[in-house]
Structures are given as structure tokens and as C-alpha cells.
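1. My questions are about this predicted structure, shown below with the sequence.
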Amino acid sequence: MSKSRNAPKAAGSRPSRGAEVAELRRKLQDAVEQRTAASEVLKVISSSPGELDAAFQTLLTNAAHLCHADLGTISLYENGAFRAAAATHNVPTAYAERRQLEPVIRAGPKSPLARVTTTKQMLHIPDCAEDIGYKTQDASSIVLVELAEVRTLLNVPLLRKGELIGVLGIYRHEVRPFSEEQINLVENFAAQAVIAIENARLLKELRESLEQKTATSEVLHIISSSPGDLAPVFAAMLEKAVRICDANFGVLVLHEGGNTFRVVAMHNAPPEFVELRRREPAFQAGLLSPLSRVVASKHLLQIADLTEDAAYNTGEPSVVRFADMTGVRTLLLVPMLKDAEAIGVAVIYRTEVRPFTDKQIELVKNFAAQAVIAIENARLLKELRERTAEVEKLNQDLEQRVADQVGEIERMGRLRRFLPPQVADLIVASGTEKQLESHRREITALFCDLRGFTGFSESADPEDVMTLLRDYHTAIGEKIIKYTGTLERYAGDGVMVVFNDPVPVEKPALQAVLMALETREAMAALTEKWRELGHDVGFGIGIAHGYATLGTIGFEGRFDYAAIGTVSNVASRLCDEAKPGQILISPRVFTAVKDAVTVEPVGEFTLKGIGRPLAAYNVIAAVSASV
């Protein structure tokens, strides 16, 4: 390595007058060429401040020409590494192909580039074949000497605010060091390159800032112009985020709870991924997946290389599938936060390993915040529209509803005047009187009356008769309601109760028997009370099970709900045969309840209207209190 300028000429012979004139002419011509070249470079820089390619190429061509170099390169230093030359001049094909295969120059510590990086000073090597980098077999030095055929090297650092941003290099195929004037010239060109880079950077920042502000304004305009429609907002947001951040594609997903997500927008996504999300818009993400981690942490996440991420290396299915399908390497995930909860994630992707800048991250954060605004606006607008529609409907229907309610009240009053309460309630609840139509159903019929009531009513005062009937009907009515029976009719002391119509009842025979047992207990207390008042009145029950025809009978203004059939007659006749305190049941009832109650046979009865004698059983008690 040598930093020395050309050595002074040896003392001795004095140049002739003609030689001095020729040397002056040469220097004058060189000065003119240098000024012309500098002017040309500055003209290119000023005419296209954002176009570095043209400036670099003009600068490099002039530097090589004026310094009589065979080739030249300008390499930029980014993120701790040199990338393939930003500009080249007359490089050999083999070297150019190698740089295409290896866009990032891997320079060893003894290489010329590494030494310029460390010292941030000009490096002049008269013979690269004798340099320490080549002798220590540094890969980049070998490529330079053997593929680019470089022997003499001049590398000048490009410095901005004392920091290295690149290197301008000119080279010769022969061992012929550059002169001091040539080195000074290349240093001037390096300064011009820094000016071009700085101008381009400032212009790029200005354009990016303007573009970001414009994009933000456009998205906000879409939000305000279509508050209830999220699709155009999401589409515009993703398109601008992908374009401005130089990403390959983007998606927006909403968090549906747990590890479930739903894709609601995509821009420029690979066709295979688009088709997958069309078939499966909602999907499960593993706990290690980037989406789940962002939702859990509520912080943005940038992954420089997805293939180096823990989720990919542990084989998390959704991540591996996604990476293999799309080729994604770098991704940026920004949570959409509402009330400190992540309701979704905005994601942009690159298919190369190239992290997003702070300004790009800030832009996506702004877009994510705008997406939350749009979602909230849409929710509020939907609620407002729904409530407005509800109010309008209420206003429109108010008179009709009042009229309907008045009509319903009147109808309920009419029904309750002539129908059992259960039937009336069922009709009102269903909104139809279909239950009143004649139909056939299997039922259990219970008939009960008072023993000695006829004699009592003939001898007692009417007020006493009414009091007794009121106590009697109250006791029976409570049990009918408790066991879901239907009061078919009552006439004086006779009461008919139907089970399993119109309200379906599970085990209607058992319900009837259990009601009879409780009614007998209640009547025992009442008959004792009546005896103390001098009234000898008893109580009997008959229960039968079978098919009957049920429906309304009567005339307009006075209807009854009746059960017509043998089963009603059997229940009534068994009640007639029952002694005070007995509960007589038919064989079909006995079959249905024999495991739940204890009974005693009381023989066969010849009942009026029944062709053959009928065996009957007296119910003693329930088997257990829980039955």
C-alpha cells in the first residue's frame, strides 16, 4: 500500500525551452479538460437531481478518461456492506458477471475496500498483485486482480458528515501509479459524487414526505366520502402502503378472537395466496406466528428474514405454508389498536431481505390508525342507521301496534270468559285459534264431585252453599294449575279435568293421579271443617285414559271447550262409583302408573254406556314423595 504522491524528479538535467512550453500546453489542456468535465458533471447533477445513474456514469467516465485509467467503479456502502457497483466504466465481462452473482461484496479485513472503510481515507496501491489483500487470499482482492485484471488501484472514499457512504475507484491493468494531480482530480470527483448523492437523498425525502402526506390525505378523503364502505378505504390504504414503501404486496386482517384472523383486503398478493384466502378468508394462526405475536404484544413487528424467524424454524404450519407459497422474506406487521386492543393487523411484504425504514414504518402506522378510524366510523354509522330505521319503524307501526294490542286485550277477555285458562293462554301465545278446532288426541280425563252435596244444598242456606263451592273450587283449581291440567268444565260440584290437551303433558295419567292424591288431601281438611259446621259432605274421583275428540262447542258469545268420547264417560262413571275418599282408576291408567303408586283392586263395575264390566282400582298413595 502506498499513500505517497509521485516522487520528485532527480536533480541534474534541465528541460529545454521547447519541452517547458509543451509541458505548459499539456497542463493547460488538462486543466481545460478537467474544468469541462467538472462542469459537465455539475450540469448533469443540477439537471436531474434525483437521477444518480446519469450523474455517476458521467462522473466515472470523465474520471477514468482524465486519469488515463482503464476501468472504474462507484460502490455504495449501505447497512455495513458494499453493494454491487452503482456505476461501472469499461469493466471486464468476467468481473461484471461475478458482481451480478454476488451483489453484496464480501470484503475481508485486508481488502482495499475494508481498509478505506476503516480509515475513511484515500487508498493508492501501485501493484495489487503485491498487496497484502491479494497475498492473504482475500476473496474480493482475488476477484479484483484475476477477473478485473487490476494492477494499480486508486480508491477514494465518499464521505457525508464524516460517515462513509461509498467508494469511487479507478484502476489500471498495468503497474503505473496515478499522479498527485490525478489523485486530486479523483478526490474532486468524489466530492461531486457526494453532492449528487446528497441532492438525490434530499429530493427523495422531499418526494417521500409529499407522497406520504398526499397518500394520507387521499385515504382520509375516502374515509370521509364513504364512511359506511370499508372496501375502498382498505384498497386505497394497501395500494399506497405497498407502493410508497416499495413492498411487493400487502394484506389487512381483522382479529376475530383467540388465534382466529380474517383477511378483509389484499393488494398485489400472489394469485395462489389470493385463491387460498378466497376459499378460506378466516384462518387459524399458531401462537408463534407473527400475527398472534403482534396481537398479544400490541406492538409492531418487523421481521428482516422470515426464514430466520422462530415461527418458520419451528415449523409453525401457517407460517411455513405462507412463506413457501409467497416467497416472502421481509415483513412489517402493524397492529390496528382500538381501546388498547388489537382489532386487526396491517402487513406489507418484500420477497427479498430488505428491512423497511423508519419513515416507511411510520407511514404504515398512520395507515393502520386510519383503518381503525374507518372501521369505527362504519360501526357508528351502521348503529346510527339501524337505530334510525328502528325509530322510523316504531313510528310507522305505533298506531297499528296500539290497535293490535287493544284488539288482543279484547280477544283475551272474550276467550277467558268461555275457555279454560290454559286454552285461552295457549291461543293468545300462539296467535291462532287453531287449537279450538275439532281434533282427536289421547288424553287422561279426571272427574270429581262431592258426596252428599245434593242433600246439603237442599237444606243449607244459599250463602253456605256458595261458600262451600268457592272453597271446593279454589282447592281443586290450585291443583289443576300445578299439574298442568285443563279445566274442561264444572257444573255445581262436578268438575272435569283433561290432561295432554291442548297443552301437551308428559305422562298425563301419572299427572292426573298425582293431582288426585293432593286434591284428596286438601279435601280431607275441608270436609273435616264442613263436618264441624254440621255438613256431612264427602269427595270422590274417577280417572280414565283413552282417545277423545276435543274442540269448542256452543254458540257465538258462549263457547265451551269439551272432550267428547268414551274416556270422559268412563271417568264420570268411575267417579259415580267412588266412595268418599276413593280415587278409582281404569285399567289403562293403572298400567301407566302402577310403578309410581300403590293401589287396591275394588272389583269390576258395570258402567252405564259401557258394554262390558270394567275393573277398577283405588289409589292408596304414591310410592315416594319425589314421584
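-> Yep, it's here.
2. isn't Ala475 right next to Ala522, touching?
-> Yes: between Ala475 and Ala522 a contact is recorded at 4.4 Å, counting by CB atoms under 8 Å. Every C-beta, even on glycine, is put in place using the N, C-alpha and C of the backbone.
3. Going by length in residues, pull out the top strand of this protein.
-> The residue-count maximum for a strand in the chain (DSSP state E) belongs to strand 538-555.
4. what stretches of the stretch 451-600 of the chain score poorly on pLDDT?
-> Within the stretch 451-600 of the chain, the stretches with pLDDT under 70 are 556-559.
5. Please, where are all the strands along it?
-> Here the stretch 451-600 of the chain has its strands, by DSSP state E, counting those that start in this stretch, at 486-491, 494-499, 538-555, 558-564, 583-585, 597-605.
6. Report all helices and strands that the fifth one contacts.
-> Contact here means 3 or more CB pairs under 8 Å, 6 or more residues apart in numbering; DSSP states H and E; on that basis strand 583-585 packs against helix 508-532, strand 538-555, helix 566-577, strand 614-622.
7. Tell me which of the ones you listed sits nearest to Arg160.
-> Closest approach to Arg160 among the helices and strands packed on strand 583-585 (CB to CB): helix 508-532, 96.2 Å.
8. which of the residues in that closest one are buried?
-> Buried residues in helix 508-532, counting neighbours by 16 or more other CB atoms under 10 Å, are found at 508-517, 519-520, 522-523, 526-527, 530.
9. Now do that helix and strand 597-605, the angle between them.
-> 80 degrees (axes from the mean of the first three to the mean of the last three CA atoms, to 10 degrees).
10. just the angle between helix 508-532 and helix 566-577, please?
-> Going by the same axes, to 10 degrees, helix 508-532 is angled at 30 degrees with respect to helix 566-577.
11. Which elements pack onto helix 508-532?
-> Applying 3+ CB pairs under 8 Å, 6+ apart, one finds that helix 508-532 contacts strand 439-451, helix 462-482, strand 494-499, strand 538-555, strand 583-585, helix 587-593, strand 614-622.
12. Out of these, which is the most enclosed?
-> strand 583-585 (a mean of 30; mean count of other CB atoms under 10 Å).
13. Break the protein down into its structural domains.
-> Domain segmentation of the chain under automatic domain parsing yields 17-203, 226-379, 421-622.
14. May I have the residues that are in contact with Gly494?
-> Counting by CB atoms under 8 Å, 6 or more residues apart in numbering, Gly494 touches Phe447, Cys448, Asp449.
15. I'd guessed the last one sits against Asp493; true?
-> This points to Asp449. Yes: taking CB under 8 Å as the definition, Asp449 is a contact partner of Asp493 at 4.7 Å.
16. To Val372, which of the helices and strands packed on helix 508-532 lies closest?
-> helix 462-482 (56.9 Å).
17. Report the inter-axis angle for that closest one versus strand 538-555.
-> Relative orientation of helix 462-482 and strand 538-555, computed by the same axes, to 10 degrees: 80 degrees.
18. packing partners for helix 462-482?
-> With contacts defined as 3+ CB pairs under 8 Å, 6+ apart, the packing partners of helix 462-482 are helix 453-459, strand 486-491, strand 494-499, helix 508-532.
19. thinking again about what came up before, format the CA atom coordinates belonging to the longest strand of the chain as CSV.
-> Output of strand 538-555 as CSV, limited to C-alpha atoms (Å, rounded to 0.1, in the frame of the first residue of the first chain):
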residue,chain,number,x,y,z
GLY,A,538,-117.6,-36.4,51.1
PHE,A,539,-115.4,-36.4,48.0
GLY,A,540,-114.7,-38.9,45.2
ILE,A,541,-112.6,-39.1,42.0
GLY,A,542,-112.7,-41.2,38.8
ILE,A,543,-109.8,-41.3,36.2
ALA,A,544,-109.7,-42.9,32.8
HIS,A,545,-107.3,-42.8,29.8
GLY,A,546,-108.1,-43.0,26.1
TYR,A,547,-108.8,-41.2,22.9
ALA,A,548,-111.3,-38.3,22.7
THR,A,549,-112.4,-35.7,20.2
LEU,A,550,-111.7,-32.2,21.6
GLY,A,551,-112.7,-28.7,20.5
THR,A,552,-115.2,-25.8,21.1
ILE,A,553,-118.9,-26.3,21.4
GLY,A,554,-121.6,-23.7,21.9
PHE,A,555,-122.6,-20.6,20.0
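20. Quick one: distance of that strand to the chain centre.
-> 60 Å (CA atoms, centre = their mean, to the nearest Å).
21. From the contact counts, what lies against that strand?
-> Judged by 3+ CB pairs under 8 Å, 6+ apart, the packing partners of strand 538-555 are strand 439-451, helix 508-532, strand 558-564, helix 566-577, strand 583-585, helix 587-593.
22. hmm, who's touching the shortest one?
-> When you say that, I think you mean strand 583-585. Residues contacting strand 583-585 (CB under 8 Å, 6+ apart): 513, 516-517, 520, 540-544, 574-575, 577-578, 593, 599, 602, 616-619.
23. Equivalent analysis for the fourth one, please.
-> The set of residues that contact helix 566-577 without belonging to it, under CB under 8 Å, 6+ apart, is 443-449, 488, 496, 540-548, 584-586, 605, 607-610, 614, 616.
24. Check the last one too.
-> The set of residues external to helix 587-593 that reach it, using CB under 8 Å, 6+ apart, is 444, 507, 509-510, 512-513, 543-546, 585, 599, 614-615, 617, 619.
25. I'd like to know how many residues surround Ala389.
-> 10 (other CB atoms under 10 Å).
26. any idea how far it is from Glu399?
-> 18 Å (CB to CB, to the nearest Å).
27. same check, this time on Leu154
-> According to CB to CB, Leu154 and Glu399 sit 97 Å apart.
28. These two: which has the busier surroundings?
-> Comparing Leu154 with Glu399 by other CB under 10 Å, the one with more neighbours is Leu154, at 25 against 9.
29. So the more buried one, which state does it fall into?
-> For Leu154, the assignment made with DSSP: H, G, I helix; E, B strand; the rest coil gives strand.
30. all helices for the stretch 151-300 of the chain, in order.
-> Taking DSSP state H, counting those that start in this stretch as the criterion, the stretch 151-300 of the chain carries its helices at 180-225, 230-244, 271-279, 290-297.
31. What number of residues are in the vicinity of the nearest residue to Ala269 once chain neighbours are set aside?
-> Nearest residue to Ala269 in three dimensions, chain neighbours excluded: Phe249, at 4.5 Å (CB to CB, 6 or more residues apart in numbering). Close neighbours of Phe249, defined as other CB under 10 Å, add up to 20.
32. Phe249 bridge partners, please.
-> Per DSSP bridges, residues listed as beta-bridge partners of Phe249: Tyr349.
33. got a list of what it touches?
-> Counting by CB under 8 Å, 6+ apart, the residues that Phe249 touches are Val242, Met266, His267, Asn268, Ala269, Pro270, Thr326, Ile348, Tyr349.
34. Tell me which helix or strand comes right after the lowest-mean-pLDDT helix or strand in the chain.
-> The weakest-scoring helix or strand in the chain, judged by mean pLDDT, DSSP states H and E, is helix 17-47 (a mean of 58). Per DSSP states H and E, helix 17-47 leads on to helix 52-66 as the next helix or strand towards the C-terminus.
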